[in-house]
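Can you look at this prediction? I've put the sequence above it.
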Amino acid sequence: MTTPLHLLGLDEEALKSAVLADIRARGDDPPHLLRQVAAQSAAIQASQAIDATLQELRALGCEAVYESVDVANAAETSAAAGRVRQHWGQIDGFVHGAGQIKDKLIIHKFLDQFRSVFDTKVLGLKNLLDATQEDDLKLIVLFSSVAGRYGNSGQCDYAMANEVMNKVARAEAARRGDDCLVRSIDWGPWDGGMVTPALKRWFAERGISTIGLAQGAAAFVDELLSAGPEADQTEIILSARRREGDTPRPASAL
């Protein structure tokens, strides 16, 4: 996604105002206007973050390529894996961090909402494993969630998907043995990504701390470099410590 020049470098509120002005300047009057503004602004911010990350990696001497693929689509995932092999050769490992949430109580949740959440995690993992079945993988890392362990209100689909990934990770670790490091990380809530400012405030009110981006990245690298391939270490929980003085209220974290 190419960001128009007049939208570059704007903070979140200024970006939303500029996107809204662009929509109105085109004479558009879409339904759910504010929702569309938020979606377009989020897409632009994501695109800018990707560009910045790629530039940072290249400055460090890394060769990095970004492709947008629906991992729940087997053909797209297989084709992407083929392009990776064509460019670099054998695939040595993958990190599956795709996910989305559509929080609603079961009584209010539609099947298509359930599938979009569940399939992104579970079908995405199946497709990645199928696409790399001929590769000699040395690393498989799955981004799961503590919701898979403890549940969370409105997240029956999200909790189920993450717990399935945990169990698949154990099966893969047992099947592949010491030649492949397999980890399913039950993350607590991060300070970013799917944790919106409103959700972060909700966590703070309940004494639940979020994981800083730098903290989470460091913990991730440390886990991969220090952990052994033992099967009983396949699933781990990484979450932020509760702030001193906070009194937790009954609630589960993402």
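That came through fine. On a predicted model such as this, the values are computed, not experimentally measured, just so you know.

residues of the longest helix along the chain that come out buried?
For the chain, the helix with the greatest residue count under DSSP state H is helix 33-59. By 16 or more other C-beta atoms under 10 Å, the buried positions in helix 33-59 come out as 37, 38, 40, 41, 44, 45, 48. Heads up, the C-betas are built off the backbone N, CA and C, glycines and all.

And those, which is closest to residue 152?
residue 38 (22.9 Å; C-beta to C-beta).

State the distance from residue 148 to residue 208.
In this view, residue 148 and residue 208 are 16 Å apart by C-beta to C-beta, to the nearest Å.

Need the nearest residue in space to residue 200, chain neighbours excluded.
residue 210 (5.9 Å; C-beta to C-beta, 6 or more residues apart in numbering).

Would you map the strands across the stretch 101-250 of the chain?
139-145, 181-187, 235-238 (DSSP state E, counting those that start in this stretch).

and the last one, what other elements does it pack with?
Taking 3 or more C-beta pairs under 8 Å, 6 or more residues apart in numbering; DSSP states H and E as the contact definition, the neighbouring helices and strands of strand 235-238 are helix 156-176, strand 181-187, helix 213-226.

now with 6 Å?
strand 181-187 (3 or more C-beta pairs under 6 Å, 6 or more residues apart in numbering; DSSP states H and E).

Also the first one?
When contacts are defined as 3+ C-beta pairs under 6 Å, 6+ apart, strand 139-145 packs onto strand 93-96, helix 156-176, strand 181-187.

That strand pairs with which strands?
strand 93-96 (parallel), strand 181-187 (parallel) (DSSP bridges).

Kindly format the C-alpha coordinates of it as PDB.
C-alpha atoms of strand 139-145 as PDB (Å, rounded to 0.1, in the frame of the first residue of the first chain):
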ATOM      1  CA  LEU A 139      12.300 -23.600  13.900                       C
ATOM      2  CA  ILE A 140       8.500 -23.400  14.400                       C
ATOM      3  CA  VAL A 141       7.200 -20.600  16.600                       C
ATOM      4  CA  LEU A 142       3.500 -20.000  17.200                       C
ATOM      5  CA  PHE A 143       2.100 -16.800  18.800                       C
ATOM      6  CA  SER A 144      -0.600 -18.100  21.000                       C
ATOM      7  CA  SER A 145      -2.400 -16.300  23.900                       C
END
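
roughly how far is that strand from the heart of the chain?
10 Å (C-alpha atoms, centre = their mean, to the nearest Å).

what's the angle between it and helix 156-176?
160 degrees (axes from the mean of the first three to the mean of the last three C-alpha atoms, to 10 degrees).

just the second one next, same as before
For strand 181-187 against helix 156-176, the angle by the same axes, to 10 degrees is 160 degrees.

what's next to strand 181-187, contact-wise?
139-146, 149, 165-166, 169, 172-173, 229, 234-238 (C-beta atoms under 6 Å, 6 or more residues apart in numbering).
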